[in-house]
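Asker: missing the sequence, but the structure's below:
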DNA sequence: CTATGGACCTGAATGC
DNA sequence: TGCATTCAGGTCCATA
């Protein structure tokens, strides 16, 4: 479900609710991607000082002790209640605080919660250490982006998904950004000229920033922290539109598989 | 080091 | 209606 915009929207609403709250306990459901071995009272007494984000990871900074890292995987969402309903079969993590309960709901359990005390940043460092540039920050530099692309022989779409050059571009927005830049997803990343890399750089920023501004509502079943479903307005140019006419030129949108993931593009607007 | 395919898990949609 | 197959927004890991 979540790509960077959805995670960012989630971050903002989580921050507004739990920042400054003190943790009372945690409740664990089924194991997520990595089992979290933690007693219910393990974090009790810690305060949530800040809610950050790196790529698609949410970072709950706790004082005095460390960072609680949360990833939503493919199907995860966070909810917040003053008085939460009884946990369902897919509610796998509750953070009980003085402000209310933050709950991770994740049917497929590809998501994760990782606790890293400051003394031992092992797991968090390993997960965050290889991440690429943040696309919505000044850190996302066109020259470095182009240099990174030039070193890769793989199709540009798969390089975008890799997350080691630039983070946060998921399967939907990868297709959308490539369409906006007029670049075919199958082109070897190394073959992109600087001007075309610059167009892609700008397209990534624009597509993601627009989705954030719309509250992450571009995804079909995005569920905000307040429980409201999105507006069900998947306004994609190409994603999920195989066979339908390109909104720019009318040619039928094509679908192909790259690295076991669906890719969509316009054969006319994206020549190479 | 890079590139590729498999793995993890469940539910919804589709097809016969 | 029932049952099998396909597909889904992520990313780590083993293997060449």
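Answerer: Arrived safely. Every value quoted in this text rests on a predicted model; they were computed, and no experiment measured them.

Asker: Which parts of chain A are helices?
Answerer: Under the criterion DSSP state H, helices of chain A are mapped to A:4-18, A:122-129, A:142-150, A:156-162, A:171-181, A:194-213.

Asker: mind checking pLDDT for residue A:234?
Answerer: Predicted confidence (pLDDT) at residue A:234: the value is 58.

Asker: How about residue A:42?
Answerer: 94.

Asker: dump the residue contacts of it.
Answerer: Shown in contact with residue A:42 (CB atoms under 8 Å, 6 or more residues apart in numbering): A:26, A:115. In this view, the C-beta of every residue, glycine as well, is placed from N, C-alpha and C.

Asker: so residue A:99 makes contact with residue A:15?
Answerer: No: between residue A:99 and residue A:15 there is no contact under CB atoms under 8 Å: 11.5 Å.

Asker: What does the pLDDT read for the residue of the stretch 151-272 of chain A found nearest DNA strand B?
Answerer: Closest residue of the stretch 151-272 of chain A to DNA strand B, CB to the nearest atom of the strand: residue A:153 (3.1 Å). The model reports residue A:153 with a pLDDT of 97.

Asker: do residue A:116 as well
Answerer: If you check residue A:116, the pLDDT there is 94.

Asker: Relative to residue A:98, how far out is the residue of the stretch 151-272 of chain A closest to DNA strand B?
Answerer: From residue A:153 over to residue A:98 the distance is 53 Å, taken as CB to CB, to the nearest Å.

Asker: closest point of the stretch 1-150 of chain A to DNA strand B, which residue?
Answerer: Ranked by CB to the nearest atom of the strand, the top residue of the stretch 1-150 of chain A for proximity to DNA strand B is residue A:108, at 3.4 Å.

Asker: That residue - nearest residue in space that isn't next to it in sequence?
Answerer: Nearest residue to residue A:108 in three dimensions, chain neighbours excluded: residue A:75, at 4.2 Å (CB to CB, 6 or more residues apart in numbering).
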